[in-house]
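1. What follows is a protein structure lacking sequence information:
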């Protein structure tokens, strides 16, 4: 029995590649997935980043993220303006927070080690992994809704399946069947190596925009008057409207919290550090705005067609086949659009959720989990959390978008402060992979207590509002204060982390002055030195135990 357990354990161990071509078991702080990006893979230019966002935002979720503002009473253009404003701020924060990734080519889990400690970084990594898993579940619900519309257009009897899911679920029984089928399709594509998906992603962009433009044109033609549709005024006024504008402006920012926090994961592939700026600051908000325009046009047209704003475009698509509208022409149109959305949703889920989650899960246990294994762990958990309860209504979806922001904003504030104000752009990369007590980022047993104290302080003012999002009764003032939870958490974390480090400085920042960021980071041998990073004092001589950096320099 012991032999079988030992054999199974050895099979689970992740192997890392050494410079001489051999392999050895990975350790708890390092495997191939989380090392600095090799030179050969640093191929993303400014054009690549700009094009990436127009591809990444081509998804169903972005169609109705902005249109939720209309469901709350804002006009189409007010909802779009709020969304664009928040995403402009998000793009700027992404460029700032991802600088360490762009220069040093390290992923988010490793960048966190400079602020939270080599072991403390597991907590922000876990936070981000949770959000990616939840988003993967939400995207799967959207994929199920797309698949249901497709099947409904072909097999009308699917709508007759008795519903036992209840009113709190976004999916009925027939759609739950579609959820399972979509989940299997998604899992099948996880076996495909990511580089081989390049052409499939290019096709996805063309298919998505063709289907969406056709969908917009169709609904506008049914609305009777394009001018009336796009000029429909808001249904709220006064202070209520002011609060809604504030809410949806910062919701546009908060909904991008995962992208802001893990910006290093994307920017680590840059050919030059500044190549990321145009894509993050300009293309990210503008690509979201373009898709938001499409989504809001569909939502605005739905009011003219059905007499009420339908916030979910997939519901609108299915309603175009109700009653007398269930014609062969409408069925064909809905089937084609829905199929295009199924296809695009699969690849959106992989690139925006599965890959980030896989990276984070692999970083949590690099000794046993590869990114590929992380993909499937994400897929299983995202099914188990029953995500169909997060999209039952516009209000529930809004609560979901804003709920986790207090945790991510606190992490982001600490990371930005640490990089720009305290370390002045200077990271000791080999030490980020070392668990030795003499490591720069070891702090207190691998945990930076300063970061965790500030993290809790930054969360505290917004926590009551967070509980109200989870269903706890709270005064109106608390609910409205939560509208600005993201900037509040960000600024408290940023300022608090600077203050606590000035008051109780760590040795690694006491002598840092001026801007220390190198013009270019290590090139060809950046992977080689990680291979000899010491994670256990057992491999050190007595002299080398005093300073593992000296040991690393020998290589």
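-> Alright, I've got the coordinates. Since the structure is predicted, the reported quantities are computational estimates derived from the model, not experimental observations.

2. Show the residue spans covered by the helices in the stretch 301-450 of the chain.
-> Using DSSP state H, counting those that start in this stretch, the helices of the stretch 301-450 of the chain run over 313-319, 328-349, 355-364, 371-384, 394-403, 405-417, 429-432, 449-469.

3. Run a quick neighbour tally on the nearest residue to residue 387 once chain neighbours are set aside.
-> Leaving out its chain neighbours, the residue that sits closest to residue 387 by C-beta to C-beta, 6 or more residues apart in numbering is residue 137, at 3.0 Å. Yep, even glycine has a C-beta here, placed from its N, CA and C like the rest. As a burial measure, residue 137 scores 26 neighbours (other C-beta atoms under 10 Å).

4. could I get the helices of the stretch 301-450 of the chain as a markdown table with distance to residue 232, mean pLDDT and mean neighbour count?
-> Below are the helices of the stretch 301-450 of the chain laid out as a markdown table (distance: least, C-beta to C-beta, whole Å; pLDDT from 0 to 100; neighbours: other C-beta atoms under 10 Å):
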| stretch | distance to residue 232 | mean pLDDT | mean neighbour count |
| --- | --- | --- | --- |
| helix 313-319 | 16 | 92 | 22 |
| helix 328-349 | 24 | 94 | 21 |
| helix 355-364 | 37 | 86 | 26 |
| helix 371-384 | 36 | 92 | 19 |
| helix 394-403 | 17 | 65 | 18 |
| helix 405-417 | 30 | 94 | 27 |
| helix 429-432 | 53 | 91 | 23 |
| helix 449-469 | 29 | 94 | 19 |
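
5. Columns distance to residue 67 on top of those helices, output as JSON lines?
-> Output for the helices of the stretch 301-450 of the chain, formatted as JSON lines (distance: least, C-beta to C-beta, whole Å):
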{"stretch": "helix 313-319", "distance to residue 67": "7"}
{"stretch": "helix 328-349", "distance to residue 67": "15"}
{"stretch": "helix 355-364", "distance to residue 67": "25"}
{"stretch": "helix 371-384", "distance to residue 67": "24"}
{"stretch": "helix 394-403", "distance to residue 67": "8"}
{"stretch": "helix 405-417", "distance to residue 67": "20"}
{"stretch": "helix 429-432", "distance to residue 67": "42"}
{"stretch": "helix 449-469", "distance to residue 67": "20"}
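
6. on that earlier part again, now the helix or strand containing the residue nearest to residue 387: buried residues?
-> In this assignment (DSSP states H and E), residue 137 forms part of helix 122-154. The neighbour-count check on helix 122-154 (16 or more other C-beta atoms under 10 Å) flags 122-125, 127-153 as buried.

7. Out of the helices of the stretch 301-450 of the chain, which is closest to residue 481?
-> Smallest distance to residue 481 across these (C-beta to C-beta): 5.9 Å, for helix 449-469.

8. for the next helix or strand after that closest one, packing partners?
-> As assigned by DSSP H and E, the chain's next helix or strand after helix 449-469 is helix 476-481. The contact analysis (3 or more C-beta pairs under 8 Å, 6 or more residues apart in numbering; DSSP states H and E) places helix 476-481 against helix 449-469.

9. Which strands or helices does the helix it packs on pack on?
-> On a contact count with 3+ C-beta pairs under 8 Å, 6+ apart, helix 449-469 meets helix 108-116, helix 394-403, helix 405-417, helix 476-481, helix 485-503.

10. Output the lowest mean pLDDT helix or strand found in the chain.
-> Here the helix or strand of the chain ranked lowest by mean pLDDT, DSSP states H and E is helix 548-553, holding a mean of 42.

11. mind showing which ranges of the stretch 51-200 of the chain have poor pLDDT?
-> By pLDDT under 70, the low-scoring segments of the stretch 51-200 of the chain are 66, 195.

12. Repeat the analysis, applying 80 as the threshold.
-> The model of the stretch 51-200 of the chain has pLDDT under 80 over residues 64-67, 194-198.

13. before we move on, what about the stretch 451-555 of the chain?
-> In the predicted model of the stretch 451-555 of the chain, residues 470-471, 508-513, 519-555 satisfy pLDDT under 80.

14. Repeat that for the stretch 201-350 of the chain.
-> Within the stretch 201-350 of the chain, the ranges that satisfy pLDDT under 80 run 225-230, 232.

15. For it, just list every one of the strands.
-> Counting by DSSP state E, counting those that start in this stretch, the stretch 201-350 of the chain has no strands to list.

16. just to revisit the earlier point, quick one, which of the helices of the stretch 301-450 of the chain is nearest to residue 215?
-> Nearest of those to residue 215, taken as C-beta to C-beta: helix 328-349 at 5.3 Å.

17. between the closest one and helix 122-154, how many degrees?
-> Here helix 328-349 runs at an angle of 160 degrees relative to helix 122-154 (axes from the mean of the first three to the mean of the last three C-alpha atoms, to 10 degrees).

18. So what touches helix 328-349?
-> 56, 58-61, 136, 139-140, 142-143, 146-147, 149-150, 152-154, 182, 185-186, 189, 197, 200-201, 203-204, 207-208, 210-211, 214-215, 218, 314, 317-318, 320-321 (C-beta atoms under 8 Å, 6 or more residues apart in numbering).
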